[in-house]
Structures are given as structure tokens and as C-alpha cells.
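Chemist: I need the structure of the sequence given here:
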Amino acid sequence: MNTKILLEHLYLVLLSVVLSIAVGLPLGITAYLYKPFRRPLLRVTELLQTIPALALLGMVMLVVGAGKTTVIIGLLLYSLLPIVHNSYIGLAQIDPAIKRAARGMGMSKFDRLFAVELPLAFPLIFTGIRIATVTSVGIAVFATSVGGGGLGALINQGIRTQNMQKILSGTLSLMAMAVIFDAVMAWIEKRLNKRKSA
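Modeler: Numbers count the residues shown, from 1 in each chain. Reported below is the predicted structural model:
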């Protein structure tokens, strides 16, 4: 197993998730705070998710060319749905009594958002990040189709040369990565929910 390929795959996944949080969280907050933008934002992220991953990467490649940048942008766009939607739902589902109490204390809209609402919504937001991360691990396999590398390159090479060892090595590494990410993030999510309940 080539460590460089594994690290390349991890790099693509982690960078795209960090960027999708940086983009998706503000969009989810915007959908929550500003009703006119709500429906268009949520609808666009839903539409992005309906496009097959390989087709989305192909469309991005037409604009920015082949390479890792195409993969990162494609994964970012594909990861927006769970992050944007969970950010919006997490904020919208907060008990109105809590919001009234914060307003009664003289807190401004943005004070309430950052001091009260986002901390309460964070467990659900984190669930969206977990979904985006695990999904990105699998979708990043298509990176090799647009010159992005990663574990997909190893699997494709194994298929072309009929080398079962390479196919198994790439597939098992991919599965292990997804399971580890999911297990660690599920544990964190459980802790966050316990803290929220307390």
C-alpha cells in the first residue's frame, strides 16, 4: 500500500470538508436569519446533491481544468447539502422560549446567534459535518478521473492490470478510512448530545 496515495486521499477529503464548513455554515445561518434567501439556498444545495458525482467533477473540470483543485471544489459542492440544511434546521428548531428569554435579556440578534443559538444547534450541525466527511471519503475515489489522484488511482490501476491485490488494498483502505471517520465523529456527536441534554 502506497502511503503517499493514502495521504493524498486524506488531504483531498479533509481540505474539502474544512472548506465546505467555511462555506456551508454561513449559508445555513443566512437561510435561518433571512427568509427571502431561505428557499433558494436550500433548493440549490438540494439540486447539487442530485447531480452524479462524476458528472459534477466533469463540469468543474471544464471550468478550472483537471487536477486536485477540481476534486476539492467538487467535493465542497457535494458536501454543502448536509451542512447547510443541518445548520438551518438546528437553528430553526431551538425552543422559542429560549430565544424569547435571550431577547428579554437585551441581547441583539447576532449576540443571540453566537452566544445562545449556535452552541445549542451545534450537535445537529456536527451531524451534517459527519455526513459530509464520510460521503467525501467515498466520492473522492472519482478524483482519479479528473487527475486528482487518491485511492481511486490505485483501484483503477488494479482494474486495468487485473491486479486483485491493488484492488483489495485500495478498497479496504477506503472502507477503513470511512469507518474510522464515522466512528470517531459518532463518538464526538454522542458527547455533544449528552452535553446538550445536561
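Chemist: which SSE is the one residue sitting closest to the centre of the chain in?
Modeler: Computing the C-alpha centroid of the chain and ranking residues by CA atoms, centre = their mean puts A132 first, at 2.7 Å. Under DSSP states H and E, the secondary-structure element containing A132 is helix 118-139.
Chemist: still on that earlier bit, how about the residue nearest to the centre of the chain, what does it touch?
Modeler: For A132, the contacting residues are V17, S20, G24, S79, P82, I83, taking CB atoms under 8 Å, 6 or more residues apart in numbering as the criterion. All C-beta atoms are positioned from the backbone trio N, CA, C, and that covers glycine.
Chemist: Now do the same for the helix holding A132: mean pLDDT, whole number.
Modeler: Rounded to a whole number, the mean pLDDT of helix 118-139 is 95.
Chemist: quick revisit: for the residue nearest to the centre of the chain, give its distance to L174.
Modeler: A132 sits 17 Å away from L174, taking CB to CB, to the nearest Å as the criterion.
Chemist: what's the answer for G106, then?
Modeler: 52 Å.
Chemist: Which one's more surrounded, those two?
Modeler: When G106 and L174 are compared on other CB atoms under 10 Å, the one with more neighbours turns out to be L174, at 21 against 7.
Chemist: which helices and strands does the helix or strand where that one lies pack with?
Modeler: Per DSSP H and E, L174 falls inside helix 164-197. With contacts defined as 3 or more CB pairs under 8 Å, 6 or more residues apart in numbering; DSSP states H and E, the secondary structure elements packing on helix 164-197 are helix 3-33, helix 118-139, helix 151-161.
Chemist: Please identify the most buried of these.
Modeler: helix 118-139 (a mean of 21; mean count of other CB atoms under 10 Å).
Chemist: between that one and helix 3-33, how many degrees?
Modeler: Relative orientation of helix 118-139 versus helix 3-33 (axes from the mean of the first three to the mean of the last three CA atoms, to 10 degrees): 140 degrees.
Chemist: quick one: the helix holding L174 to chain centroid distance?
Modeler: 14 Å (CA atoms, centre = their mean, to the nearest Å).
Chemist: remind me which residues of this protein are low pLDDT?
Modeler: Residue ranges of the chain with pLDDT under 70: 1, 198.
Chemist: any chance of the contacts of A132 in CSV, with distance to L54 too?
Modeler: Putting the contacts of A132 into CSV (distance: CB to CB, whole Å) gives the following:
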residue, distance to L54
V17, 20
S20, 19
G24, 22
S79, 16
P82, 20
I83, 22
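Chemist: Nearest to F110, out of those: which one, please.
Modeler: Proximity of those to F110 was ranked by CB to CB; the top entry is G24 with 19.1 Å.
Chemist: Let me know whether that closest one touches Y78 as I believe.
Modeler: No: G24 is beyond contact range of Y78, at 11.0 Å (criterion: CB atoms under 8 Å).
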